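[1] My questions concern the predicted model and sequence given below.
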Amino acid sequence: MDFTELAIALLLILFLLLGSGVWVALSLVGVAIVCITFFTGRPIGASMYSTLWTSSTSWTLTALPLFIWMGEILYRTRLSESLFRGLSPWLSWLPGRLMHTNVIGCTLFAAVSGSSAATLTTVGKMSMPKLKKRGYSDFMSVGTLAGASTLGLMIPPSLTMIVYGVITNQSIPILFIAGILPGLILATLFMGYVVAWGILKKPNIDQEPSMTMKQRLYESRLLIPVALLIITVIGSMYSGLATATEAAALGVVGALSLAAIQRSLTFASLVESLIGAAKTSCMIALILAGASFLTLAMGYTGLPRGLAEWVGTLDLTPFMLLMALMVVYIVLGCFLDGISAVVLTMAVVTPMLNEAGIDLIWFGIFVLVMVEMAQITPPVGFNLFVMKGLTNHSLGFIAKAAAPMFLIMVFMALLLIIFPELVTFLPSYMNEAKM
């Protein structure tokens, strides 16, 4: 069996398992077992337990449950209400007015949570009722919130960045800093969409009461806890004072301190935050373990190397290769969550990228944009389901409202291809500063 037939056979088995409702992680393990049993002469047991154990004991992965727990704690504080009150006095003059709180609120919360679901739920519970009360369009509120909440995947600390860094053996702090500028540019593009809506539609929304500069500054005091937490987590890494794992631990301490000051975290909600973090962490760790086993199995067959050499014979330019991968990730996003799509593909994609001379740090940010698209791509876009639970709108309505945000992400991906310096500038600047 040649590499093409082998790849098709494994894909058919994988989609059969996924379509049968088998967990993603167990589907990956199942494909790996079939791969080793029928296409190699290697022993399954020794390969499985050594790979699963090694992938589950990575020190880098310890940052993952800590960042997840930090987001769970913040979700149960009054941080979202403070964000709205602190931001709204400064946004009433912009076209679109308070609709910008969805984008800016998601951007700020993304910088302390690392999760798009936590960002969407927290900011959504804060902004949706207030915007509805003031007469803002449900269509725009739903669309901007569903799209902007995906910034939790790009703006550090990002859980998907950690997973990508572990799989590709890239520096997580460098990935974090590489995502800052693209994340802010994407947030600006989202705000540009809101401005265009405000100018073209001229919505009939309540006028906010005028405030003096002193009153605005007074309300802005509510943004101080968010700013301190961002500086603690991000600043400790980039100043060299802490590793990604240590910064995550500092973030947990900061989140607990914030909850204690606000008196918004009871013993019951603390237990809930621990259980929620444990469930999410175990799910991701199991997916990573299954993916590691599948990667090893495919390595035994020589499939990734063979496919990379085959792609090399097609004489695709780097641009053509990236366009093809963009289509692949958009299609995968229709069926898999973002982390699963990244984990599933990197064993095959990495040799192709190395062959084409594409920087893995740059591709990490590029693929995060693809993953962000997957979050709002029907039928299984995760943010669509979270938004449905928040608003009771149909999935069709939510997907239609989020479609402009999806197109903005496509434009952002093209920007990254045309101007790769958007990703590489800050990491290169940091490297020069250290020399």
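    On my side now, so go ahead. Numbers count the residues shown, from 1 in each chain.

[2] For stretch 157-165, which outside residues touch it?
    With contact meaning Cβ atoms under 8 Å, 6 or more residues apart in numbering, stretch 157-165 is reached by 60-61, 63-64, 67-68, 111-112, 114-115, 152-154, 170-172, 175-176, 179, 233-234, 244, 247-248, 251, 284, 288, 338-339, 342-343, 346, 364, 367-368, 371. All C-beta spots, glycine's among them, are computed from the backbone N, C-alpha and C.

[3] So what's the residue count around the spatially closest residue to Thr377 that is not a sequence neighbour?
    If the residues on either side of it in the chain are set aside, Thr377 comes closest to Gly333, at 4.2 Å by Cβ to Cβ, 6 or more residues apart in numbering. For Gly333, the neighbour count with other Cβ atoms under 10 Å is 24.

[4] how far away is Gly333 from Ala413?
    13 Å (Cβ to Cβ, to the nearest Å).

[5] which neighbours do the two share?
    Shared contacts of Gly333 and Ala413 (Cβ under 8 Å, 6+ apart): Met370.

[6] Below-threshold pLDDT in the stretch 251-400 of the chain: ranges please.
    Across the stretch 251-400 of the chain, the ranges flagged by pLDDT under 70 are 304-305, 307-312, 334-337, 379-380.

[7] Run through the helices of it in chain order.
    267-301, 303-313, 318-333, 338-356, 360-375, 382-391, 395-418 (DSSP state H, counting those that start in this stretch).

[8] Of those, which is nearest Gly21?
    Smallest distance to Gly21 across the helices of the stretch 251-400 of the chain (Cβ to Cβ): 14.4 Å, for helix 338-356.

[9] Just list what the helix or strand encompassing Ser127 packs against, helices and strands only.
    Following DSSP states H and E, the helix or strand that holds Ser127 is helix 116-133. With contacts taken as 3 or more Cβ pairs under 8 Å, 6 or more residues apart in numbering; DSSP states H and E, helix 116-133 sits against helix 63-75, helix 79-91, helix 100-113, helix 138-148, helix 382-391.

[10] and if we set it to 10 Å?
    The elements that helix 116-133 packs onto, with contact taken as 3 or more Cβ pairs under 10 Å, 6 or more residues apart in numbering; DSSP states H and E, are helix 63-75, helix 79-91, helix 100-113, helix 138-148, helix 159-168, helix 267-301, helix 360-375, helix 382-391.

[11] So for the closest residue in space to Thr119 that isn't next to it in sequence, what pLDDT did the model give?
    Spatial nearest neighbour of Thr119, excluding adjacent residues (Cβ to Cβ, 6+ apart): Gly152 at 3.9 Å. The predicted structure scores Gly152 at 81 on the pLDDT scale.

[12] How far does stretch 388-399 stretch from one end to the other?
    Terminal residues of stretch 388-399 are spaced 10 Å apart (Cα to Cα, to the nearest Å).

[13] How about it, which residues are buried there?
    Judged by neighbour count (16 or more other Cβ atoms under 10 Å), stretch 388-399 contains these buried residues: Lys388, Leu390, Thr391, His393, Phe397, Ile398, Ala399.

[14] And the fourth one, how far from Asn102?
    Between His393 and Asn102 the computed distance is 15 Å (Cβ to Cβ).

[15] could I get the helices and strands packed on helix 116-133 as CSV with distance to Leu28?
    Rendered in CSV, the data for the helices and strands packed on helix 116-133 read as follows (distance: least, Cβ to Cβ, whole Å):
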stretch, distance to Leu28
helix 63-75, 18
helix 79-91, 36
helix 100-113, 27
helix 138-148, 28
helix 159-168, 13
helix 267-301, 3
helix 360-375, 17
helix 382-391, 18
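
[16] what's the most buried one of these?
    Between these, the one whose residues have the most neighbours on average, counting mean count of other Cβ atoms under 10 Å, is helix 100-113 (a mean of 28).

[17] model confidence over that one, on average?
    Helix 100-113 carries an average pLDDT of 83.

[18] which secondary structure elements does that helix contact?
    The elements that helix 100-113 packs onto, with contact taken as 3+ Cβ pairs under 10 Å, 6+ apart, are helix 63-75, helix 79-91, helix 116-133, helix 138-148, helix 172-201, helix 224-230, helix 244-262.

[19] hmm, try it at 8 Å
    The contact analysis (3+ Cβ pairs under 8 Å, 6+ apart) places helix 100-113 against helix 63-75, helix 79-91, helix 116-133, helix 138-148, helix 172-201, helix 224-230.

[20] so that helix versus helix 63-75, what angle?
    When axes from the mean of the first three to the mean of the last three Cα atoms, to 10 degrees is applied, the directions of helix 100-113 and helix 63-75 differ by 140 degrees.

[21] hey, C-alpha coordinates of helix 100-113 in CSV?
    Taking Å, rounded to 0.1, in the frame of the first residue of the first chain, the C-alpha atoms of helix 100-113 are listed here in CSV:
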residue,chain,number,x,y,z
HIS,A,100,-17.4,48.0,21.2
THR,A,101,-17.5,46.7,24.8
ASN,A,102,-17.9,43.2,23.3
VAL,A,103,-14.7,43.5,21.4
ILE,A,104,-12.6,45.3,24.0
GLY,A,105,-14.0,43.3,26.9
CYS,A,106,-13.2,40.1,25.1
THR,A,107,-9.7,41.4,24.3
LEU,A,108,-9.0,42.3,27.9
PHE,A,109,-10.5,39.1,29.4
ALA,A,110,-8.6,37.0,26.8
ALA,A,111,-5.4,38.4,28.2
VAL,A,112,-6.1,36.8,31.6
SER,A,113,-8.2,33.7,30.8
